[in-house]
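Visitor: Requesting a structural model of the entry that follows:
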Amino acid sequence: MKKIALTDNELISRYVAGDESALKSLIKRHEKKVYSYIMLSVKNRELAEDIFQDTFIKVINTLRSGNYKEEGKFVQWVMRIANNLKIDYFRKMQRMPAFENNGDFDIFDVIYGTEPSIEQKIIKEQIYKDITSLVKLLPDEQREVLEMRIYQDISFKDIAEITNVSINTALGRMRYALINLRKIIKEKNVAIC
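Guide: Got it, this is the predicted structure:
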């Protein structure tokens with residue numbers, strides 16, 4: 001007989017009622033997504049682990065205090081907490097993170113097919129460096145939406161909830177990010193094909 005997985009809200013209820021294993025299940029269920037989101041921005045394993053821990057400490061404290069309000073998906077709420085902690089960190093450091101694609105998905109694999117030639121690899125590396133440096137020139141809010149959508153494949157609905165804006169604002173930021181990226185590519189005369 002197949003075991004039916006509990007929903008996030010059922011696990012939350014069990015944890016609040018004293019079942020510590022329910023919290024472990026919640027963390028295990030969402031740790032990869034939350035950690036990847038943090039790591040994409042901070043690009044430092046120790047810092048990502050610290051922010052990840054701080055995120056779940058806040059989650060635990062909120063759940064224990066009875067202040068958690070079910071207003072959507074649990075994971076989106078956790079991602080908003082992680083996003084706010086990440087922003088707090090960078091405000092303290094007085095800088096914003098540089099962008100690097102550390103994920104498994106690489107758009108260039110799709111463009112070039114299976115095994116690229118040495119020449120294609122060199123061209124790909126140069127284009128990647130050029131695009132990465134150009135993405136850094138985007139305004140922070142636009143860059144953040146672009147990175148979440150393109151490199152993390154997060155839906156616009158989830159992006160809106162994570163960044164605490166309307167879905168139309170998230171869509172607008174993406175639109176302006178692409179418009180601005182095209183302008184920057186044209187201004188800098190960067191060949192991307």
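Visitor: Can you tell me the closest non-neighbouring residue to residue 23?
Guide: Among residues not flanking residue 23 along the chain, residue 15 sits closest, at 4.6 Å (CB to CB, 6 or more residues apart in numbering). Quick note: C-beta positions are derived from backbone N, CA and C, even for glycine.
Visitor: wait, doesn't that neighbour sit right on residue 26?
Guide: Yes. In terms of CB atoms under 8 Å, residue 15 counts as a neighbour of residue 26; the distance is 7.1 Å.
Visitor: before we move on, back to that, roughly how far apart are the residue nearest to residue 23 and residue 92?
Guide: Counting by CB to CB, to the nearest Å, the gap from residue 15 to residue 92 is 31 Å.
Visitor: out of these two, which sits in the more crowded spot?
Guide: For residue 15 versus residue 92, neighbours defined as other CB atoms under 10 Å are more numerous around residue 15 (21 against 8).
Visitor: Provide a list of residues in contact with residue 75.
Guide: Shown in contact with residue 75 (CB atoms under 8 Å, 6 or more residues apart in numbering): 8, 30, 33, 34.
Visitor: Now with 7 Å, please.
Guide: Counting by CB atoms under 7 Å, 6 or more residues apart in numbering, residue 75 touches 30, 33.
Visitor: cool, residue 184 as well?
Guide: Counting by CB under 7 Å, 6+ apart, residue 184 makes contact with 134, 137.
Visitor: Flag the helix or strand of this protein with the lowest per-element mean pLDDT.
Guide: Sorting the helices and strands of the chain by mean pLDDT, DSSP states H and E puts helix 107-112 at the bottom, at a mean of 46.
Visitor: picking up where we left off before, okay, and the residue nearest to residue 23 sits in which element?
Guide: Using DSSP states H and E, residue 15 falls within helix 8-16.
Visitor: buried residues in that helix?
Guide: For helix 8-16, the neighbour count (16 or more other CB atoms under 10 Å) marks 8, 11, 12, 14, 15 as buried.
Visitor: try stretch 128-136
Guide: 128, 131, 134, 135.
Visitor: Just send those residues back as a markdown table, with secondary structure, distance to residue 147 and pLDDT too.
Guide: Compiled in a markdown table, the buried residues of stretch 128-136 are given as follows (DSSP: H, G, I helix; E, B strand; the rest coil; distance: CB to CB, whole Å; pLDDT from 0 to 100):
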| residue | secondary structure | distance to residue 147 | pLDDT |
| --- | --- | --- | --- |
| 128 | helix | 14 | 71 |
| 131 | helix | 12 | 77 |
| 134 | helix | 13 | 82 |
| 135 | helix | 8 | 82 |
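Visitor: Sounds good, over and out.
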